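Enquirer: Return a 3D structure for these sequence lines:
(chains A and B)
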2 protein chains.
Amino acid sequence: MGLSVLKFGGTSVASPDLMLAAARRVADLRRQARGVAVVVSAMGHTTDELLELADAINPHPPRRETDMLLATGEQVSIALLAMALHSLGIPATSMTGPQVAIRTTASHTRARIRSIDTARLLAELNAGRVVVVAGFQGVTDDGQITTLGRGGSDTTAVALAAALAADVCEIFTDVDGVYTADPRLVPDARKLERISYDEMLELAVLGAGVMHSRAVQFGQRYNVPIHVRHSRKNDAGTLITRESPEMENASVVGCALKENLGRVSLRDLPNKPGVDAAIFNALAEADINVDDIIQNEASGGGMNISFTVEHRDLADIKPAMERVLAECGRGEQLIDVGLSRVSVVGLGMRHHTGVAAKMFTALADAGINIFNITTSEIKISCIINRSDGEKALKAVHAAFDLADGQPTTIDTLTPMRSVRV
Amino acid sequence: MGLSVLKFGGTSVASPDLMLAAARRVADLRRQARGVAVVVSAMGHTTDELLELADAINPHPPRRETDMLLATGEQVSIALLAMALHSLGIPATSMTGPQVAIRTTASHTRARIRSIDTARLLAELNAGRVVVVAGFQGVTDDGQITTLGRGGSDTTAVALAAALAADVCEIFTDVDGVYTADPRLVPDARKLERISYDEMLELAVLGAGVMHSRAVQFGQRYNVPIHVRHSRKNDAGTLITRESPEMENASVVGCALKENLGRVSLRDLPNKPGVDAAIFNALAEADINVDDIIQNEASGGGMNISFTVEHRDLADIKPAMERVLAECGRGEQLIDVGLSRVSVVGLGMRHHTGVAAKMFTALADAGINIFNITTSEIKISCIINRSDGEKALKAVHAAFDLADGQPTTIDTLTPMRSVRV
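Expert: Model (predicted):
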């Protein structure tokens, strides 16, 4: 086994005892690998506590200072994990993002990694030391401390694995892996042994909270196998990897539910070029993500467009769309709240027919009304009433035989070389 | 008024409310000065809490990792103080020790400042921004984060004032200034308007806790006026400055008590060259500070030597001295515990006679037995029983007319230019 990058999330290092447990885990893997780099998040609720402290002082702080503040959370973790490793006799060196030289853009609180300098990392690894790197943070070319936003530590870990050409990036977390559905909602959901980057990306965007999509994108771009597993169990978790032909044997690999959505419908807009651009520029300026975009011609010759947004963005979206309608000179805005999205995802959908029909039938049999349907090459999403969410997820999960104990092709695959860590 | 460096200790920024109060203080002074740099310590008991966390993980952590951990405390403070200043409409930029480029030696947990790069500081100051600098921390030439040990934030502030050629370094703390004696022990102690670096150094070493001696030494070397004052009062505090002829008018400027001392007496050592060197090399190796060194010839032709140490060092000192005695081939070690040191300090001692006589008479009149006496040009120290400590301090304070309301020459001095801040 060559080089491994391990990542421990905040819940896995939330106390001194857990920190020592993580260190023992690193020590075990250290014996099997040529080199180990560990990425660690801030302990437990540290980040939220720091944000509360800031809020009590300035509810609208400069984002540069928010980054200065938040970066301390991971710095505490790396020092303590290095101390824990030393207590087990494992030589270890902690490094902040700026010390590694994880260069990012200057967009404070949501910076993006531009490059990672591996010289200092390799010097430590070649000296036989474990390097413990602060997740979530980096540095601009002129020395400003930045943070990467949500999912930042996962992104740091995968980017580090890419930069070091590591064999695997192991994400230790508080769940067993990626499931066919959220096991809190669907008790017979099954843990997946493998999933492709594309499928994981769809699931991450659609509501599965295991991995942030940015980290998965990084893994896909640099072909880093990502192994998501429980920090206190020895069982293998789920390997996120590039697709192989066998992956298309199953039509659907998993399903997801995203709650608390609102639908914005703009009706009877002028049917002329530039209207879509005006709408989506306004959304981009307001920094609002939308999904499930549907456009069609209205009966009177005008144009209808609808999309979903998260509830928390509705307050911002209403005035932004009103300005667009005023510019258009015609049209009206309707907002529906209390919606959810149920989705199925699978590479096999490309070649299996009848997936959509099976999904709609399952929802109809459960008496669930569908408001919107959107599809991509490997997913189908239906907008439904929020009150139908859990029932819909269970119905779809059952319809595609995803439950634990069901024989599926995926379970019979040979594990990849890089899963044997 | 030109450039000011302000420093807020941990108790002055221990909560969001106190942080905002400190920011208002900075805002007030900002209006009067051309430029303001603020040095800030970790909030309240943060440093102790971080050390407890580390201790639960590894009781003997590598000192490099202790520095990595502790440096986060000041980083939290600078971010929050910068946010607080922004909330008052004051443009401010926080900077860590490494960002400023406060270069230190590589002695982790007790590094010493070697140089301060003022380029980035001046760029911010010239742009009209307040710079908020993390105290207590620096960086080695190869990018390792270091901390400066006890009194480190004071040292950062004074060093910064020296590097920036500031007019004054204002140390905001939770006491009103430097007193003729600790006002908790001597209720009628008087706040000093001014004191010389040399007197403050002696008092700091002898037990007055207001300023750490390293910061005072830095001030003396670079002639930085240091103004020690209360963070939540507008009154002037005490100006620590270079000596002026008038300072010698009073024979004694203040007195101090240091408790919890032990006395190590080595008796009947061989009277030959190299014995002292062996003893003090052994103490240096064990990293133990000693004071009140007295050496004389024993009646039998051998040599006696005694010195005081803090109680906490006694466990380390005993085996170290036993090894020295074994090398010498003769001599015995006696250890007395439960001692204290009472001292008087004053530049005027150089020219006033009878200071020692007055001190010994005061102690004798109070029925206090003196075990050892040591003197320097500007101080006299007596080792006494710890149980006599407070009584001795009061007796000496009264004997030299140091009490509040007493007419002394120092009170009638004209304030220096730089105290008018």
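Enquirer: Surely A:Ala208 forms part of a strand?
Expert: No - for A:Ala208, which was evaluated using DSSP: H, G, I helix; E, B strand; the rest coil, the result is coil, with no strand membership.
Enquirer: tell me the domain ranges of chain A?
Expert: Here the domain assignment for chain A is A:3-243, A:255-399, based on automatic domain parsing.
Enquirer: Return the most buried member of the ones you listed.
Expert: Comparing these by mean neighbour count (mean count of other Cβ atoms under 10 Å in any protein chain shown), domain A:3-243 comes out on top with a mean of 21. C-beta coordinates here come from the backbone N, C-alpha and C atoms, glycine included.
Enquirer: So which residues make contact with the helix or strand where A:Asp28 lies?
Expert: Per DSSP states H and E: A:Asp28 is located in helix A:16-32. The contact list for helix A:16-32 (Cβ atoms under 8 Å, 6 or more residues apart in numbering or on different chains) reads A:1, A:4, A:6, A:8, A:12-13, A:36, A:38, A:40, A:43, A:77, A:80-81, A:84-85, A:87-88, A:90, A:130, A:170, A:172, A:231-232, A:421, B:53, B:56-57.
Enquirer: Next, the closest residue to chain B within the stretch 251-400 of chain A: phi, psi?
Expert: Per Cβ to the nearest Cβ, A:Asp287 is where the stretch 251-400 of chain A lies closest to chain B, at 21.2 Å. Note on A:Asp287: backbone dihedrals following degrees, to the nearest 10 are phi 60, psi 40.
Enquirer: One more: A:Leu125?
Expert: Phi and psi for A:Leu125, reported as degrees, to the nearest 10, are phi -60, psi -40.
Enquirer: What residues does it make contact with?
Expert: By Cβ under 8 Å, 6+ apart, the neighbours of A:Leu125 are A:3, A:35-37, A:131, A:164.
Enquirer: Please identify the one among these that lies nearest to chain B.
Expert: Comparing the contacts of A:Leu125 against chain B with Cβ to the nearest Cβ places A:Val131 closest, at 12.6 Å.
Enquirer: ok, what's across the strand from the closest one?
Expert: Applying DSSP bridges to A:Val131 gives these bridge partners: A:Ala37, A:Thr93.
Enquirer: returning to that earlier point: of the domains of chain A, which approaches B:Ala250 most closely?
Expert: B:Ala250 lies closest to domain A:3-243 among the domains of chain A, at 44.7 Å (Cβ to Cβ).
Enquirer: So which residues on chain A come close to chain B?
Expert: Neighbours of chain B within chain A, by Cβ under 8 Å from any Cβ of the partner chain: A:16, A:19-20, A:50, A:53-54, A:56-58, A:61-62, A:64-66, A:68-69, A:71-72, A:75-76, A:78-80, A:82-84, A:86-87, A:93-94, A:96, A:98-99, A:143, A:145.
Enquirer: that's a helix at A:Ile288, yeah?
Expert: No - per three-state DSSP, A:Ile288 lies outside any helix segment and is coil.
Enquirer: OK, contacts around the closest residue to it other than its chain neighbours?
Expert: Closest residue to A:Ile288 apart from its sequence neighbours, by Cβ to Cβ, 6 or more residues apart in numbering or on different chains: A:Asp313 at 4.7 Å. By Cβ under 8 Å, 6+ apart, the residues touching A:Asp313 are A:262, A:286, A:288-289.
Enquirer: ditto for A:Leu3
Expert: A:33-37, A:125, A:164-167.
Enquirer: Mind giving me the packing neighbours of the helix or strand where A:Thr375 lies?
Expert: Following DSSP H and E, one finds A:Thr375 within strand A:372-376. Contact here means 3 or more Cβ pairs under 8 Å, 6 or more residues apart in numbering or on different chains; DSSP states H and E; on that basis strand A:372-376 packs against strand A:291-297, helix A:355-365, strand A:379-385.
Enquirer: next one: it to chain centre, how far?
Expert: Taking Cα atoms, centre = their mean, to the nearest Å, the mean C-alpha location of strand A:372-376 is offset from the chain mean by 21 Å.
Enquirer: Then stretch A:206-222?
Expert: 5 Å.
Enquirer: can you tell me the distance between the two ends of it?
Expert: Taking Cα to Cα, to the nearest Å as the measure, stretch A:206-222 stretches 23 Å from start to finish.
Enquirer: what mean pLDDT does it have?
Expert: For stretch A:206-222, mean pLDDT rounds to 86.
Enquirer: ranges for the strands of the stretch 251-400 of chain A?
Expert: Assigned by DSSP state E, counting those that start in this stretch, the strands in the stretch 251-400 of chain A fall at A:254-269, A:291-297, A:303-310, A:332-345, A:372-376, A:379-385.
Enquirer: Residues touching the second one, excluding its own?
Expert: Applying Cβ under 8 Å, 6+ apart, the contact partners of strand A:291-297 are A:205, A:263, A:271, A:276, A:303-309, A:341, A:372, A:374, A:381, A:383.
Enquirer: Out of these, which two are the most distant from each other?
Expert: Distance extremes for those: the farthest pair is A:Val205 and A:Asn271 at 30.2 Å, using Cβ to Cβ.
Enquirer: any idea of the angle the biggest helix by length in chain A forms with helix A:16-32?
Expert: Longest helix in chain A by number of residues (criterion: DSSP state H): helix A:63-87. Relative orientation of helix A:63-87 versus helix A:16-32 (axes from the mean of the first three to the mean of the last three Cα atoms, to 10 degrees): 70 degrees.
Enquirer: Look up how far A:Val175 lies from A:Ala398.
Expert: 22 Å (Cβ to Cβ, to the nearest Å).
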